[in-house]
Every structure is written in structure tokens, then in C-alpha cells.
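Engineer: Fold the following for me, if possible:
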Amino acid sequence: QVQLVESGGGLVQAGGSLRLSCAASGSIVRINAMGWYRQAPGKQRELVATITSGGRTNYADSVKGRFSISRDNAKNTVYLQMNSLKPEDTAVYYCNADVSTRLVLAIRPYWGQGTQVTVSS
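Structural biologist: Got it, this is the predicted structure:
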């Protein structure tokens, strides 16, 4: 019903930047919060940043001042601008969206397939 497709991951040197994008498609009625999470090898998935439909943002302490989340509601797309990247930012980054669809009006969370971000020292 809903597909979240991420793009923009890759390999970058420490101090560099990357921009992740995630586009939602399908029988969407409404998208509430959207966000980015990450999971490093051997660790649990953790929140990176979220943004409400009204633009209110929330960040993990570890990325405040370096990462910026934004969204384009007309395109059902959320972005994550990552600056001053560190090796500890290396992880698979997952997009998340709370979506209401034509078949299931109740808000449900959907996840993307993940995109690898690797920061070399």
C-alpha cells in the first residue's frame, strides 16, 4: 500500500556531507510524522531525527547541530542533510513515516528498506 524509497547514502570521509531523501508513494491519504532512524552493526536501531507535518523537528543529541531534517509535503518526501560526518555516524539509515491510506485509514508506521552510510576516518 505504501512504499518508502530512500536514496543518497554512500561512502564519505569524516567531515564530509551527505543528503538522504525518502519518497513515500501509494494510496496515501495523510502522512503525519516522518523521520530517520539508523542501525549500526551490533547495535539497536535508534532515532536520528523526526519532523511533524507542521514542521516541528526533534533530533538525537548525537546529531544536533550537524544534521537537519526537512520535508516537502507536496512530494511526500523527507530529507536528511548530514554535515560534519563522523565515523560513528556509520550505519544503515531507515526512513519512517506514519501514514493513513485509503484502505487503512488508521495511522500506521511504514519503513523504507534502508540506505548505507559509511564515514571513513
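Engineer: what sits up against stretch 62-69?
Structural biologist: 35-36, 48-51, 57, 59, 78-85, 88-89 (Cβ atoms under 8 Å, 6 or more residues apart in numbering). No exception for glycine: its C-beta is placed from N, CA and C like everyone else's.
Engineer: Check which helix or strand the residue nearest to the spatial centre of the chain maps to.
Structural biologist: Centroid-nearest residue in the chain: residue 36, 2.6 Å away (criterion: Cα atoms, centre = their mean). Per DSSP states H and E, residue 36 falls inside strand 28-39.
Engineer: what about burial for the contacts of stretch 62-69, which qualify?
Structural biologist: Buried members of the contacts of stretch 62-69, counted by 16 or more other Cβ atoms under 10 Å: 35-36, 48-51, 59, 78-80, 82, 85, 89.
Engineer: Over to residue 119. Which of the three states is it?
Structural biologist: Under the three-state scheme (DSSP: H, G, I helix; E, B strand; the rest coil), residue 119 adopts strand.
Engineer: What about it, how many residues nearby?
Structural biologist: Residue 119 has 20 neighbouring residues, counting by other Cβ atoms under 10 Å.
Engineer: pLDDT score assigned to residue 120?
Structural biologist: If you check residue 120, the pLDDT there is 98.
Engineer: the residue most distant from the middle of the protein, which is it?
Structural biologist: residue 103 (24.6 Å).
Engineer: picking that back up, okay, now the sheet partners of the strand holding residue 36, with direction.
Structural biologist: Partners of strand 28-39 in the sheet, by DSSP bridges, are strand 46-51 (antiparallel), strand 91-101 (antiparallel).
Engineer: Show me the contact partners of stretch 89-98.
Structural biologist: 2, 4, 6, 9, 20, 22, 24, 31-40, 43, 45, 48, 50, 63, 78, 80, 82, 107-119.
Engineer: Just the buried residues from the residues you listed, in PyMOL please.
Structural biologist: In PyMOL syntax, the buried subset of the contacts of stretch 89-98 is picked out as below (16+ other Cβ under 10 Å):
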select buried, resi 2+4+6+9+20+22+24+31+33+34+35+36+37+38+48+50+63+78+80+82+110+112+114+115+117+119
